[in-house]
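Q: fold the following for me, if possible:
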Amino acid sequence: MKSIIDCLEEGLITTDLNGKIMHYNKTAQKLLGEAISSSNASLGLLLGSKRADEIINIVGSKQKVLEKEMRIDAKPERLHLMIHARPITTEKGVQGIAIALNQFTKIRRLVNRYSSNETNYTVEDILGVSKPIRQLHEKIKSIASSNSTVLIRGESGTGKELVARAIHNYGAWSQGPFVAINCSAIPESLLESELFGYEDGAFTGARKGGKMGKFELADKGTLFLDEIGDMAQFLQVKLLRVLQERRIERIGGLYPIPVDVRVIAATNRDLEKMIAQGEFREDLYYRINVIPINIAPLRERKEDIDVLCRYFIDEYNQQLNKDVKYMTEGFGKKLCEYSWPGNVRELQNAIEYAMNLAAGDFLDVEQLPVGIREVEDEDTVSFNLEVLERRAIRRCLQQYGTTVEGKQKAAEELGIGIATLYRKMKRYGIKDVEA
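A: Just a heads-up that it's a prediction; the model follows:
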């Protein structure tokens, strides 16, 4: 029986009801060292009297202690463990306590292995034949195994997370987890706990037992901070400290936790302008901008449109049970005339829209969204003021959207009032612009 117990990957200890160590396996001895093998070894000496009493009292009343997180000083390092304790019962009642010990690093690996739904995107998944895309491929390959932070910059819809995943999966960091968090999608009050985690009882409403943050979950892997330009300044200070010291402190925690994480950040905002306006910390900017990567917008690499379209057509043929084989010349011409303010994401949406309308084996102009179908060729020179004004209004609405807030931003950009914008939209027959 002892040889079987010694084969377990988790540490196992048994004690009497006073906490005296009775038995232990090799994994527990490896974790806890000489302290567990001494003649007077007890839970109190290993875990501290307060924790030991808590376990003894709970288990002694025939209950279980599940998922108790503990940090223990065990030479030569401080251990971060998850402890499970349960009563050892016979016909005479509770006779002792069985305690299982697991290191947190192992738990993190298991959590990421079985709960992650990430796709293993590679460099080859970044489609295109243009020079900017070829250069992007080469840069990803050259920096993928580095420890240095990366700042990916590009307009909305250019595929910043796809690039981040390709960097992660190409190099040595691919053996660890890829953890992503959108800094603009989570309220300030919650983002701190999401990033750094919290201890049991750290604040009102905190989950019992505490919670690991994204930095801990990404240990030995990559943490992707999307929309970092929207991060509050007090969190920028904490992030800077983590990048410098490679340690985090949970909210309500007493001890720093070392983390080995490669950080990749992304933004579509003008960080240099934000620094000048006091909205983004200059020291953090230099810390995250060690390796800058810029993704060219789709309008600057229109030779990639055909490759992307063929990929999306193949995808939606399978999803929608279609058999589209080609695009008409007019369809392709309209795609190249359009400026694509939403970039690849907008192109994908346009192809999905067209594929839903396709009745045969080809895509034609009539199946394009109206905003793309009716666009005038931007390369066609016109000095007619009404034509220029109509184009400007359409482009602004495509950029900011047709919600009330989007129209207000478009009006500000055009230098006119919101009532004037509505009047001109009616005059030129511009309805809500489709993506």
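
Q: residue nearest the centroid of the protein?
A: Nearest to the geometric centre of the chain sits Ala180, at 1.0 Å (Cα atoms, centre = their mean).

Q: can I get the longest strand seen in the chain in PDB, CA atoms only?
A: Looking across the chain with DSSP state E, the single longest strand is strand 77-90. Presented in PDB, the C-alpha positions along strand 77-90 are these (Å, rounded to 0.1, in the frame of the first residue of the first chain):
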ATOM      1  CA  GLU A  77      11.200  28.300  -0.700                       C
ATOM      2  CA  ARG A  78       7.700  29.500   0.200                       C
ATOM      3  CA  LEU A  79       5.100  27.100  -1.000                       C
ATOM      4  CA  HIS A  80       1.800  28.000  -2.600                       C
ATOM      5  CA  LEU A  81      -0.500  25.000  -2.000                       C
ATOM      6  CA  MET A  82      -4.100  24.000  -2.400                       C
ATOM      7  CA  ILE A  83      -5.200  21.700   0.500                       C
ATOM      8  CA  HIS A  84      -8.000  19.200   0.800                       C
ATOM      9  CA  ALA A  85      -8.800  17.600   4.100                       C
ATOM     10  CA  ARG A  86     -11.300  14.900   5.000                       C
ATOM     11  CA  PRO A  87     -12.000  12.700   8.000                       C
ATOM     12  CA  ILE A  88     -10.700   9.100   8.300                       C
ATOM     13  CA  THR A  89     -13.700   7.200   9.700                       C
ATOM     14  CA  THR A  90     -14.200   3.600  10.900                       C
END
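
Q: what mean pLDDT does it have?
A: Mean per-residue pLDDT for strand 77-90: 80.

Q: from the chain's centroid, how far away is it?
A: 32 Å (Cα atoms, centre = their mean, to the nearest Å).

Q: what comes up buried for it?
A: Leu79, His80, Leu81, Met82, Ile83, Ala85, Arg86, Pro87 (16 or more other Cβ atoms under 10 Å). To be clear about C-beta, it is placed using only N, CA and C from the backbone, and glycine gets the same treatment.

Q: same check on stretch 256-269?
A: Ile257, Val259, Val261, Arg262, Val263, Ile264, Ala265, Ala266, Thr267, Asn268.

Q: report the two of these separated the most.
A: Greatest spacing in the buried residues of stretch 256-269, by Cβ to Cβ: Ile257 and Asn268 (31.6 Å).

Q: name the helices or strands packed onto the longest strand of the chain?
A: helix 26-32, helix 49-60, strand 65-74, strand 93-103, helix 104-115 (3 or more Cβ pairs under 8 Å, 6 or more residues apart in numbering; DSSP states H and E).

Q: hmm, which two among the buried residues of strand 77-90 are most spread apart?
A: The span of the buried residues of strand 77-90, defined through Cβ to Cβ, is set by His80 and Pro87 at 25.5 Å.

Q: tell me the average confidence for stretch 278-287?
A: Confidence over stretch 278-287, taken as the mean pLDDT, stands at 96.

Q: how about stretch 96-105?
A: 81.

Q: chain center to it: distance?
A: 31 Å.

Q: which residues of the stretch 251-400 of the chain fall in helices?
A: Using DSSP state H, counting those that start in this stretch, the helices of the stretch 251-400 of the chain run over 271-276, 282-288, 305-320, 329-337, 343-357, 370-373, 385-400.

Q: need the ones you listed in CSV with mean neighbour count and distance to Glu245, can you?
A: Formatted as CSV, the helices of the stretch 251-400 of the chain follow (neighbours: other Cβ atoms under 10 Å; distance: least, Cβ to Cβ, whole Å):
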stretch, mean neighbour count, distance to Glu245
helix 271-276, 14, 23
helix 282-288, 17, 12
helix 305-320, 15, 42
helix 329-337, 16, 49
helix 343-357, 19, 37
helix 370-373, 18, 49
helix 385-400, 17, 41
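
Q: need the ones you listed in a markdown table (columns: distance to Ser42).
A: Below are the helices of the stretch 251-400 of the chain laid out as a markdown table (distance: least, Cβ to Cβ, whole Å):
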| stretch | distance to Ser42 |
| --- | --- |
| helix 271-276 | 56 |
| helix 282-288 | 46 |
| helix 305-320 | 62 |
| helix 329-337 | 74 |
| helix 343-357 | 60 |
| helix 370-373 | 73 |
| helix 385-400 | 67 |
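
Q: nearest to Lys160, out of those?
A: Lys160 sits nearest to helix 343-357 of all the helices of the stretch 251-400 of the chain, at 10.3 Å, using Cβ to Cβ.

Q: alpha carbons of stretch 399-406, as PDB, please.
A: Taking Å, rounded to 0.1, in the frame of the first residue of the first chain, the C-alpha atoms of stretch 399-406 are listed here in PDB:
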ATOM      1  CA  GLN A 399     -16.100  55.300 -38.900                       C
ATOM      2  CA  TYR A 400     -18.300  56.200 -35.800                       C
ATOM      3  CA  GLY A 401     -21.400  54.200 -36.400                       C
ATOM      4  CA  THR A 402     -25.100  55.300 -36.700                       C
ATOM      5  CA  THR A 403     -26.100  55.200 -33.100                       C
ATOM      6  CA  VAL A 404     -27.100  58.500 -31.500                       C
ATOM      7  CA  GLU A 405     -23.600  58.700 -29.900                       C
ATOM      8  CA  GLY A 406     -21.900  57.800 -33.200                       C
END
